[in-house]
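Visitor: sequence plus predicted model, see below.
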Amino acid sequence: MLITDAKEVLLQVAKTQSPLSTIIWGPTGIGKSAIVKQLAKMLNYKLIDIRLSQREAVDILGMPYTAKANINGQDMDALNHHPPEWFLRALLEGNVVLFLDELNRARPEVLQAVFELALDRRLNGQMLPASVLIVSACNPPDSRYDTVDFDDALSARFMHLHVKTNNEIWLEWAKTKREDTKQANINPLVTNFIAQNKEALNVAYKEDNEFPVDVKPCSRSWEFVSMVENLKLPDYLTRECIRGLVGLELSQAYMVSRMAADKPISLEELFSMTKEKHDPIRERITRYSEGSGTGDAKGKIRTDLLKETCKDIERNIDECESNVEQVLDFLEIIPKDLSLATLKKIYSKGDWADRIYERQSLVKAIKELKEAQETSRMK
């Protein structure tokens, strides 16, 4: 099933408080952890994330201690366990997604400790409330991953969901704006490359003999490429960093695409622009307007590209009404002659005049436009 379908299944398991424990199976970087985090947020649940590959059995069962017990009227020493902190949180708070990540990378004794928890939702005699959703994640048991096999007894304790993704799902997520920064999850340079090179999102490994590690690109790799772009490194360092994420061949193709990224700014890109000084779309508009590019583009104002965006604004003025701030920001940045020509064509549409008059720089531009028109009439 698609990874978005798995999220819908888990959402219904949580809403109905079904006792099902679930394992999500899929390759690294596909977004298994991401959908669990999204699910917790959608449910307004707390997320308890336990990486089982890094845990010992005592981290699951709790620390043993000797306690007094009265059995058939006799006081005797008996072994008991202090419950681990994560279990107490889930037990007392409820409304929790208990995420047992990397289950098939755990030590055998840790897997044994998970048995009772997965099937009976219980640990050392204490039962979890129905509002605790138990989810695990596993990589496929093949030669690419250092995993352990499940026996039938453990496997039977879970519902298994085998997930996959596709370009459309990834691109939709990539363009979604984050709540903290109000910027797209993925840099538009990366999004545009993947949209035009759909085979690059999940490709077979190609050997790079000069590199010290085997680089196997996946969806997560391109998320990291976006992070590298946001570092604002010199091109030669950006190239080497990206090579270490997606391999030699794809990094070369990406850098060619990146250098050829001087193309008109689409309305979709323009509408995604934020107020941040270093927003990539804002920086691109400034680069086109000031001729601050590199190589052959250095010192060259890209009037040709900016005109195309202006024409798109004029042709789709109704669509632009819900993105007025971005359009007016664009008109403030671009060269004055282009801005004035566009303002002249949109000024009388809808309530654009009122919005334009809220911007002092644009008011000044319109005033200059009217003065120029008056001078032209007098001549």
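Guide: Everything's here; your move.

Visitor: quick check: closest non-adjacent residue to residue 134.
Guide: Residue nearest to residue 134 in three dimensions, not counting chain neighbours: residue 21, with 4.2 Å by C-beta to C-beta, 6 or more residues apart in numbering. C-beta coordinates here come from the backbone N, C-alpha and C atoms, glycine included.

Visitor: give me the distance between the two termini of stretch 136-152.
Guide: Stretch 136-152 has its terminal residues 17 Å apart, counting by C-alpha to C-alpha, to the nearest Å.

Visitor: in it, which residues are buried?
Guide: Neighbour-count burial for stretch 136-152 flags 136-139, 147, 150 (criterion: 16 or more other C-beta atoms under 10 Å).

Visitor: and the two most separated of those?
Guide: Maximum pairwise distance in the buried residues of stretch 136-152, criterion C-beta to C-beta, is 13.6 Å, between 137 and 150.

Visitor: one step back: wait, which of the buried residues of stretch 136-152 is closest to residue 315?
Guide: Taking C-beta to C-beta as the measure, residue 315 lies nearest residue 137 of the buried residues of stretch 136-152, at 46.8 Å.

Visitor: A strand includes the closest one, no?
Guide: Yes - assessed by DSSP: H, G, I helix; E, B strand; the rest coil, residue 137 belongs to a strand.

Visitor: grab the nearest non-local neighbour of it.
Guide: Counting by C-beta to C-beta, 6+ apart, the residue nearest residue 137 is residue 32, at 4.3 Å.

Visitor: of the buried residues of stretch 136-152, which is the nearest to residue 254?
Guide: Closest to residue 254, out of all of the buried residues of stretch 136-152 and judged by C-beta to C-beta, is residue 139, at 25.9 Å.

Visitor: for that closest one, give me its contacts.
Guide: With contacts defined as C-beta atoms under 8 Å, 6 or more residues apart in numbering, residue 139 is in contact with 25-28, 102, 104-105, 145, 147.

Visitor: tell me where the stretch 151-300 of the chain has strands.
Guide: Taking DSSP state E, counting those that start in this stretch, the strands of the stretch 151-300 of the chain run over residues 159-162.

Visitor: related to what we said a few turns ago, pull out the buried members of the contacts of residue 139.
Guide: 25-27, 102, 104-105, 147.

Visitor: can I get stretch 185-201 as PDB, trimmed to CA atoms?
Guide: The C-alpha coordinates for stretch 185-201 follow below in PDB (Å, rounded to 0.1, in the frame of the first residue of the first chain):
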ATOM      1  CA  ASN A 185       9.600  21.400   3.300                       C
ATOM      2  CA  ILE A 186      12.000  21.100   0.400                       C
ATOM      3  CA  ASN A 187      14.000  23.800  -1.500                       C
ATOM      4  CA  PRO A 188      12.300  24.500  -4.800                       C
ATOM      5  CA  LEU A 189      15.600  23.800  -6.700                       C
ATOM      6  CA  VAL A 190      15.300  20.200  -5.400                       C
ATOM      7  CA  THR A 191      11.600  19.900  -6.000                       C
ATOM      8  CA  ASN A 192      11.900  21.100  -9.600                       C
ATOM      9  CA  PHE A 193      14.700  18.700 -10.300                       C
ATOM     10  CA  ILE A 194      12.700  15.700  -9.000                       C
ATOM     11  CA  ALA A 195       9.600  16.800 -10.900                       C
ATOM     12  CA  GLN A 196      11.700  16.700 -14.100                       C
ATOM     13  CA  ASN A 197      13.700  13.600 -13.200                       C
ATOM     14  CA  LYS A 198      11.200  11.300 -11.600                       C
ATOM     15  CA  GLU A 199      13.600   8.300 -11.700                       C
ATOM     16  CA  ALA A 200      16.000  10.100  -9.400                       C
ATOM     17  CA  LEU A 201      13.800   9.700  -6.300                       C
END
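
Visitor: from the chain's centre, how far out does that stretch sit?
Guide: 13 Å (C-alpha atoms, centre = their mean, to the nearest Å).

Visitor: tell me the buried residues in that stretch?
Guide: 185-194, 200-201.

Visitor: ok, residue 146 to residue 53 distance?
Guide: Applying C-beta to C-beta, to the nearest Å, the value for residue 146 to residue 53 is 9 Å.

Visitor: find residues that contact each of those two.
Guide: Between them, residue 146 and residue 53 share the contacting residues residue 105, judged by C-beta under 8 Å, 6+ apart.

Visitor: fine by me, we can end here.
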